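In: what's the 3D shape of this:
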Amino acid sequence: MQLACRYTWQRIEVSQIEDLSGVVRGAELEAIQLAGARVHGSVSFVEQDGISLTNCTINSGLVSLRGLLSRRSPILFVGLKFGSGSRQWLSAVEDGDVGIIMPGDEFDAIHSTGTHLVTIAVSRERLDLSLDRHGSGFPESTYPQTGLHSAPIPEKRRLWLKRRLEQSVLSTCDDGVGHEVLHAIVDHYQCTPTMGDGRTRPVGRAQIVDRVRAYIGRNISSPISIADLTEAGQTSPRSLHRAFVEVLGESPLSFVRRVRLHAIRRELCGNATSDTISSIVNSFGKNSDPGRLAGRYRNLFGETPAVTRAKKHVGLP
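Out: Here you go, the predicted model:
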């Protein structure tokens, strides 16, 4: 006789960029669709014995996710597969890379087509209890630090976990895979000492992008020129362009327009006042050509600003 399923996966089809803002339950992320195809994929969740497991796949698109994953729980994650150009804290990643994000610390990731990311949220108390039962744990010098492990999980273990996750999600019934993922990450930290700073500090061209991206975020409502960006990045126009193309896949000014369009979209979706579309658009760039902006908006999101606003008012997804 088949036993009843105690833990059922919940699945969300990702068809617009906002669907990735909650890639972890309770996360506070800013999701930006980068250059290329519009994002498509899926996010599946399951809660089991104090473990909150998320299984995220990106079937198409290049996305940036920044912000808090959790204010209360440590987050453990493993990239069972990373698409070309994927990064964590703007540092390049490879299949099997694992990491920890402590409560309140920033998650800063770029994920591309083919990425399969798994995260686990668990309280420190629940995690320590689980570790005691299985006789393993994090070295105290490693556990409290947000960052990437210096070595990926071995390929054989990674592929086994990938198959287990895929089987569990397809069956819609979790059969304990959350514990298996948790123990795989913990065992990796115990058996393979980690070195370095967790690759949380960008280096080289990524450092230029990091400085300029912060400037853009602070000044997105004001006019921004190449001169402003080169000064913020402490670099030359040529090096600035190369850095953005290498790390984000597009030119600096193209990225500024992209961030501005996402800011407009967030206002259209969340503005509770009677502000007009024109007033919202103008708040992020006065004297913009309305027709050109609407065209760029439609190319990026697959709909016009008016459609986005209409959906918000009638409560559609």
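In: tell me which stretches of this protein form helices.
Out: All helices of the chain, identified by DSSP state H, fall at 124-134, 155-171, 177-191, 205-219, 226-233, 237-248, 252-270, 277-282, 290-301, 305-314.
In: of all those helices, which lies closest to residue 13?
Out: The closest of the helices of the chain to residue 13 is helix 155-171. By Cβ to Cβ, the value is 12.7 Å. In this view, the C-beta of every residue, glycine as well, is placed from N, C-alpha and C.
In: packing partners of the closest one?
Out: Judged by 3 or more Cβ pairs under 8 Å, 6 or more residues apart in numbering; DSSP states H and E, helix 155-171 is in contact with strand 75-81, strand 116-121, helix 177-191.
In: give the rounded mean pLDDT of that helix.
Out: For helix 155-171, mean pLDDT is 94.
In: distance to residue 51 and mean neighbour count added to the helices of the chain, as TSV?
Out: Below are the helices of the chain laid out as TSV (distance: least, Cβ to Cβ, whole Å; neighbours: other Cβ atoms under 10 Å):
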stretch	distance to residue 51	mean neighbour count
helix 124-134	7	14
helix 155-171	13	15
helix 177-191	4	19
helix 205-219	33	18
helix 226-233	41	18
helix 237-248	34	18
helix 252-270	31	19
helix 277-282	41	16
helix 290-301	35	15
helix 305-314	34	14
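In: quick one: closest of the ones you listed to residue 60.
Out: Smallest distance to residue 60 across the helices of the chain (Cβ to Cβ): 14.3 Å, for helix 290-301.
In: now that closest one against helix 252-270, angle please.
Out: 80 degrees (axes from the mean of the first three to the mean of the last three Cα atoms, to 10 degrees).
In: give me the contact list for helix 290-301.
Out: Applying Cβ atoms under 8 Å, 6 or more residues apart in numbering, the contact partners of helix 290-301 are 16-17, 33, 38, 257-258, 261, 264-265, 278, 281, 285, 303-305, 308.
In: least confident pick among the residues you listed?
Out: Among those, residue 285 has the weakest pLDDT, 66.
In: my guess is residue 46 contacts residue 6, does it?
Out: No. Between residue 46 and residue 6 there is no contact under Cβ atoms under 8 Å: 10.3 Å.
In: what about these two, which has more around it?
Out: More crowded of residue 46 and residue 6, by other Cβ atoms under 10 Å: residue 46, with 21 against 11.
In: could you tell me the least trusted of the helices of the chain?
Out: Of all those, the minimum mean pLDDT falls on helix 124-134 (a mean of 69).
In: so residue 241 touches residue 251, yeah?
Out: Yes. Using Cβ under 8 Å, residue 241 makes contact with residue 251 at a distance of 5.9 Å.
In: still on that earlier bit, what's the farthest-apart pair in the contacts of helix 290-301?
Out: Top of the distance list for the contacts of helix 290-301 (Cβ to Cβ): 38 and 278, 25.3 Å.
In: how close does residue 147 get to residue 61?
Out: Distance of residue 147 to residue 61, given as Cβ to Cβ, to the nearest Å: 26 Å.
In: do residue 27 as well
Out: Residue 27 sits 18 Å away from residue 61, going by Cβ to Cβ.
In: same thing with residue 276?
Out: To residue 61, residue 276 is 31 Å away according to Cβ to Cβ.
In: so between the two, which is more surrounded?
Out: residue 61 (22 against 10).
In: per-residue pLDDT, the spatially closest residue to that one that is not a sequence neighbour?
Out: Spatially, and ignoring its direct neighbours in sequence, residue 61 is nearest to residue 39 (3.3 Å; Cβ to Cβ, 6 or more residues apart in numbering). The score at residue 39 is 95. That number is its pLDDT.
In: isn't residue 39 right up against residue 16?
Out: Yes. Residue 39 lies in contact with residue 16 (Cβ under 8 Å); the separation is 7.4 Å.
In: look at the two and report which has more neighbours.
Out: Using other Cβ under 10 Å, the more surrounded residue of residue 39 and residue 16 is residue 39, with 23 against 18.
In: need the helices of the chain in CSV (columns: distance to residue 111).
Out: CSV is the format used below for the helices of the chain (distance: least, Cβ to Cβ, whole Å):
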stretch, distance to residue 111
helix 124-134, 25
helix 155-171, 16
helix 177-191, 18
helix 205-219, 16
helix 226-233, 24
helix 237-248, 13
helix 252-270, 16
helix 277-282, 28
helix 290-301, 17
helix 305-314, 23
